[in-house]
Structure formats: C-alpha cells, structure tokens
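J.: please find the sequence and the predicted model below.
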Amino acid sequence: MYRLTTRTRAGTATAIAVLVLVIAGMALPAFASRGVIQDLFFILTMLTLAQIWNLLAGYGGLVSVGQQAFVGIGAYAMFAGVILLGWNPVWAIPLGGLAALLLAIPTAYFAFRLQGAYFAIGTWVIAEVTRLLVAQWKTLGGGTGTSLPREATSNILGTDLIRALFSVREAAARDILAYWLALVLVVAVTGGIYWLLRSRLGLALSAVRDNVEAARSVGVDAGRIKWAVFLIAAAATGLTGALIFMQTARISPDAAFAVTDWTAYVIFIVVIGGIGTIEGPILGVLVFFVLRSALADYGSWYLMTLGLIAIAVMLFAPKGLWGLISARSGLHLFPVRRKLVGLKIEGGI
Amino acid sequence: MIWLDTLVQGILLGGLYALFAAGLSLVFGIMRLVNLAHGDLIVFAAYLVLMGVTLLGLSPWIAALVAMPLMFGLGWLLQTVVLNRVLGKDILPPLLVTFGLSVALQNGLLEAFSADSRRIPAGSLEGASLDLGLVTVGVMPLLTFASAIVVIVALNGLFYHTALGRAFRATSDDAVTAGLMGIEPKRIFAMATGIAMVVVTIAALYLGMRSNFDPSIGPARLIYAFEAVIIGGLGSLWGTLAGGVIIGVAQTFGAAVNPEWQILAGHIAFLVVMLLKPRGLFPRAVD
C-alpha cells in the first residue's frame, strides 16, 4: 500500500514550534510593555496582509495593486457599524470582512476581463474610485475622516476583563485586545492558506498559475478558482483593515486607502522574504520591521532604502531571502509538495 | 455656451494627460513594460527643470532643453542596468522593480526638496488667455495641447519612417524574430526608454508651469497616464491622445457638476471604456 503525503519532519517540527509561539504570544501581554504590544500588532497585521497578497500573486497569479480598496472599505464598514448602528467595535469587525467581500464581486467582474498589467492597473483604479466615493460619505467625516466615539472605545468587548487581568489603563487594554485578535487572525489566515495549498484546490491553483491551458485541459475550472481566491483574499483583507483601524480608532480616506501602506509595503515584504512560499512573508515582515526600527530616525530614508532593497532582491535573488535559504539547505518549514510514501521500490526487475 | 467652454477646457486638459501618457505608451507598446515609476519620473524631471530655472537662472524652455539629454541618459541607464534584467513573460518582476523605484524616488525627492509644493515660473504666459469668439482659452493649455500633437506626430514619424522605428515595431511584434534579423532587443529597449524620458521632460515642463507639484503627486499622474494608454489601445499613439482627451473631458464635466467629482469622473470614464472595449479603442499591437 502507498499513499500521498505532504508531511515531513521539518513540517512537524514547525507545527510544534508555531503552537508554542502562539501560546507564548497569547500570554505575552502579562510581561511585555505597551510599546512591544503595539509593535507586535503592527508586525502581525502586516504579516496577515502579506500572506493574503502572496496567496493572490504568488499562488493565484493575480497581481493586484488595489488591495488598499479592501483594507479601506473594511475599515470604513467597521466605523459605520460603530457610528451609525451603534455596534460594539469587535462585532463590527466582521462587517468589514463582509463589506470587502461585497466590493470584491463587482471588482472581480470588472478586473477579470483584464490581463496582466491591465489587471494590476484596473484594480488600482477601482481602489481610487472607492476612496473617492467614500470621501463623499459626509456622515463618516468625508475627506477629512473621523474618530471612533469615546463611548464606543471605552467599552469595547472584553477590555474590562483585560483591565482587571493586567491592571492596565483603558487605551493599553484596547491595544492588548487588538493584539490578541491580530494573533488569531494571522494564525487563521496563514493556517487557512496552508490548508488550502495542501488541498485539491491548492493543487488546482498552482496548476492554473503555471499554465492556464494545461490546467483547463485536465479539467480544472480556472475561472472559478480565481474568483474563489480573489473573494477569500478580499474578505480577509477587509477583516484586517477593520482590525487595524479599530486599534488606531481614527480613520481618513487617505490613510485607509493608502496604496503605499497597504499595497506597496506589503508587496515589498512578500518580495524581500520570497514570493510563492509561506515562509517568505514571515521572514520579509521581520526584515521590514528591523529596517523600520533601525532607520526610524532618518525619516523618508528608510522608505527609500526599502524601495532600493526590493529592487536589489528582484534583480539578484528573485525568489527572495527564503528562496536563498531554501535552495541552500533544502528546508521547507511549511511543506506543500506531495510525496509518495509506503511504496518500496526494489532495484532491478 | 458654458458646456462648450467645459468641453474645450476638457479637450485641452486631455493634451496634458496625453503628454503624461505618450512616453508610457511608447514603452508599454514596445516592451509591455508596466513602469509604475512613470509618474514619479515626471515629478523628478519637473524638479530638474525647476533647478535649471532657480539655480542656473535659465528660462523654463531652455532648462527643459538642458534636462532632456540628462533624462535620456537616465532612461537609457535605467533600462540597461535594471529593467532589461527583469523583462520577461512574467509581469511581476518589472512591476515590483518599478514599484520599488517609485517609492525610492518619492522619498528621495522628499528628502532633497521637502514636501513644500513648488511651481516652475512661466512669466507672462501664466495668466495669458486668447479670445476665440465662442470660448476663451488659456495660452498655456493651448500650448500644452499643441505640444502633445507635436510630440505624437514626431513619435509617429520616428515609429513609421525611420530605421529605429522599424526596429521598434519589429521588436514590439516579435522580439525573438527581430533578434534573428540582427536587431538587439535590449539596445532597442534602452533607446525607447531614453526617448520616453525625453517626452517625460516635456510633460514635466507643462506640469510644473501649469500647477503646483510636490514629491507625492507622481502616482496620480501615473494613473491618468495609464488610463489614457489603455483607453487608446496598446501601441497606438493617436489612441493615447484620444484616451487623454476622454479623461480630460470627463474630468472637466465632472468638475462642472461638482468640484469634488473631477477625478472620480475621469476614473469612471476609464472603467466604462474598459467594460465596453477591454482592449481599448484603437489597439495596434496584440498582447
């Protein structure tokens, strides 16, 4: 008897390490300062966005430059839920995912008519249109934006418990809550993508990315898979956007729909780390954060450096840092490759 | 008459967008390169012209003439050293490289010139206008439109009546076969990007004389330019002018209804054209 498996020793070790890290991460607010928690929140949310973009571009071949549309609409839907419907911000976060999903349907209908470069620019234009339309929404502050009302931020679900637990101030409790939610989200998104890639859908997805015609010829419905990936990515991006702006508690169209923050940096993270791998964005976000901290005092030099590093990586190591490591060591922490096991192949006849 | 006036202003504004787009159209048509730094390169050239005016005391026109060979060299170098290495079937590498360049340029300009908005002084031309009977038009917009026509006629002349243009067209249609005929695609690409940067300098001159600019405005210009190129159709320069005019007219009519709708109306015109004709209005080359 033989069977197909994607399990390797490194994969099992990674699973155990991730489990330990997540448990440690959950307990961290008991020891860490507020600054550390905020930094980690930033890292985790950027990592979530990077994993999602990696799914789109690295596995799905959908090079979108318009993901800020879903971050923005998710954040604004969350604000609308709180300000217009009076919901608790935590319950309003799923509303962000839903709004992004709804926006993704007409976006996909439009953008999937376009190929390659046209697709990239098309998604960007849709993001701009969404930004300009949202800026017309006067009850949510129009072009200048608005803040979450005091009554909403002061009794976010669970913050009382956190205050009692860690004896911290209200704002710090909100940061801890946002951090926990970000941790849950990043694990869910990364785990979900990993599961997807190991499933039949993942096989079909890489087949479509590598050669659409060949994939079609073996019965893969390429159109449906692209739709599914695009909609899933949009919803997850919307959730992340809602969470990011729940933490900042202040929103404006320019911040929520910023192409640099939510698409350019995310792309840099994926590229520097290594596109088309799950390990890549993790490594990339760490490089991104270290650079940001190291060059924080030099203003825009850090962004310039980041842009130049992205160019250098693309020129000299197109598979990113993880690509270099993995090529040298043959290491795959999140193996997706299928192997045949259980079959003893004897030499000779 | 107000509508006629809006229409004329829109067409003239389209000239500026066509200038933004002409260089992009050339590069995109020949090598399918998505240069996401195009808008930032326009802003960079505008600062270059401004430096010629403020530091050397040149007139803007002379400063632009001086900037042109510099920009040509920059384009040639950019293509040879960076972009030629990443061109290929996959659109992702050039997209990422030019995105990186865009962010690096924006922040480099920010460090060098601060976020203050600047303007290239144009002397008496700035407020001058011309009464054409039915409508009154500004001299500057008229000059911009005329320059756009001249640039497109010149590029078309180059494209269809010179040996270099023949090499451009051949490489655009089939780079491998062109290579067999003794054309070196990479050198052709470097020439094309150099020429595109000369056009960028002209666009930058008018951008800087007509309105304020600062390091952050590049991406918006890039979007207008891309919309014009895509509306016009791949590889058609007159199509690019038509695309620019469509966006310009849509923007002025949008602004006439509500000033906040100006940009939005341009984008929506683009989306409508894309829904009706996904390959643009006058495509010459095939993807």
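T.: In hand now; what should we look at? Numbers count the residues shown, from 1 in each chain, chains lettered A, B, ... in the order given.
J.: give me the neighbour count for the closest residue in space to A:Gln67 that isn't next to it in sequence.
T.: Using C-beta to C-beta, 6 or more residues apart in numbering or on different chains and skipping residues adjacent in sequence, the residue nearest A:Gln67 is A:Thr263, 5.1 Å away. Every residue, glycine included, has its C-beta placed from N, CA and C. By other C-beta atoms under 10 Å in any protein chain shown, 24 other residues sit near A:Thr263.
J.: return the residues in contact with A:Thr263.
T.: A:Thr263 sits next to A:53, A:64-68 when contact means C-beta atoms under 8 Å, 6 or more residues apart in numbering or on different chains.
J.: whichever of the residues you listed end up buried, select them in ChimeraX.
T.: Burial among these is assessed by 16 or more other C-beta atoms under 10 Å in any protein chain shown; the matching ChimeraX selection reads:
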select /A:53,64,65,66,67,68
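J.: quick one: A:Gly97 is in a helix?
T.: Yes - with DSSP: H, G, I helix; E, B strand; the rest coil as the criterion, A:Gly97 is part of a helix.
J.: how deep is it tucked in, by neighbour count?
T.: 23.
J.: same question for A:Tyr298.
T.: 12.
J.: got it, and B:Asn212?
T.: By other C-beta under 10 Å, the burial measure for B:Asn212, its neighbour count, is 12.
J.: helices along the stretch 51-200 of chain B, start to end?
T.: Using DSSP state H, counting those that start in this stretch, the helices of the stretch 51-200 of chain B run over B:60-77, B:84-86, B:92-113, B:139-161, B:163-173, B:175-180, B:185-210.
J.: and the stretch 51-200 of chain B, which residues reach chain A?
T.: Contact residues (C-beta under 8 Å from any C-beta of the partner chain) of the stretch 51-200 of chain B with chain A: B:82, B:85-86, B:91-93, B:95-97, B:99-108, B:110-111.
J.: of those residues, select the buried ones using a ChimeraX command.
T.: To isolate the buried members of these in ChimeraX, using 16+ other C-beta under 10 Å:
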select /B:82,85,86,91,92,93,95,96,97,99,100,101,102,103,104,105,106,107,108,110
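J.: with adjacent residues omitted, what lies nearest to the residue of chain A found nearest chain B?
T.: Chain A approaches chain B most closely through A:Gly307 (3.3 Å), counting by C-beta to the nearest C-beta. Among residues not flanking A:Gly307 along the chain, B:Ala104 sits closest, at 3.3 Å (C-beta to C-beta, 6+ apart).
J.: any idea how far the one you found is from A:Thr260?
T.: Going from B:Ala104 to A:Thr260 by C-beta to C-beta, to the nearest Å gives 12 Å.
J.: I'd guessed B:Ala255 sits against B:Gln262; true?
T.: Yes - with contact defined as C-beta atoms under 8 Å, B:Ala255 and B:Gln262 form a contacting pair (3.8 Å).
J.: where does pLDDT dip in the stretch 1-150 of chain B?
T.: B:1 (pLDDT under 70).
J.: tell me the contacts of B:Ile247?
T.: By C-beta under 8 Å, 6+ apart, the neighbours of B:Ile247 are B:14, B:17, B:224, B:227-228, B:231, B:266, B:269-270.
J.: an error on my part: the question was meant for A:Ala172.
T.: A:34, A:37, A:166.
J.: A:Leu4 too?
T.: Counted by C-beta under 8 Å, 6+ apart, A:Leu4 has contacts A:338-341.
J.: please identify the helix or strand for it.
T.: strand A:3-5 (DSSP states H and E).
J.: what's the answer for A:Ile93, then?
T.: helix A:89-111.
J.: with just CA atoms, put that helix into PDB.
T.: What follows is helix A:89-111, C-alpha atoms only, in PDB (Å, rounded to 0.1, in the frame of the first residue of the first chain):
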ATOM      1  CA  PRO A  89     -16.300  47.600  17.600                       C
ATOM      2  CA  VAL A  90     -15.400  44.000  18.000                       C
ATOM      3  CA  TRP A  91     -18.700  42.800  16.400                       C
ATOM      4  CA  ALA A  92     -18.300  45.400  13.700                       C
ATOM      5  CA  ILE A  93     -15.000  43.900  12.500                       C
ATOM      6  CA  PRO A  94     -16.800  41.000  10.700                       C
ATOM      7  CA  LEU A  95     -18.900  43.700   9.000                       C
ATOM      8  CA  GLY A  96     -15.600  44.900   7.500                       C
ATOM      9  CA  GLY A  97     -14.900  41.500   6.000                       C
ATOM     10  CA  LEU A  98     -18.400  41.300   4.600                       C
ATOM     11  CA  ALA A  99     -18.200  44.800   3.000                       C
ATOM     12  CA  ALA A 100     -14.900  43.900   1.400                       C
ATOM     13  CA  LEU A 101     -16.400  40.600   0.100                       C
ATOM     14  CA  LEU A 102     -19.300  42.600  -1.400                       C
ATOM     15  CA  LEU A 103     -16.900  45.100  -3.000                       C
ATOM     16  CA  ALA A 104     -14.800  42.200  -4.400                       C
ATOM     17  CA  ILE A 105     -17.700  40.900  -6.500                       C
ATOM     18  CA  PRO A 106     -18.000  43.900  -8.900                       C
ATOM     19  CA  THR A 107     -14.200  44.400  -8.700                       C
ATOM     20  CA  ALA A 108     -13.600  40.800  -9.900                       C
ATOM     21  CA  TYR A 109     -16.300  41.000 -12.500                       C
ATOM     22  CA  PHE A 110     -14.500  44.100 -13.900                       C
ATOM     23  CA  ALA A 111     -10.900  43.200 -13.300                       C
END
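J.: right, and the helix or strand after it?
T.: Assigned by DSSP H and E, the successor of helix A:89-111 is helix A:116-134.
J.: can you classify A:Arg292 by secondary structure?
T.: With three-state DSSP as the criterion, A:Arg292 reads helix.
J.: spit out the contact partners of the spatially closest residue to it that is not a sequence neighbour.
T.: Nearest in space to A:Arg292, with sequence neighbours left out and distances taken as C-beta to C-beta, 6+ apart, is A:Tyr302 at 6.1 Å. Contacts here follow C-beta under 8 Å, 6+ apart; on that basis A:Tyr302 touches A:291-292, A:294-296.
J.: try B:Leu109
T.: B:40, B:43-44, B:47, B:215.
J.: ok, 10 Å please
T.: A:300, A:304, B:40, B:43-44, B:46-47, B:115, B:213-216, B:218 (C-beta atoms under 10 Å, 6 or more residues apart in numbering or on different chains).
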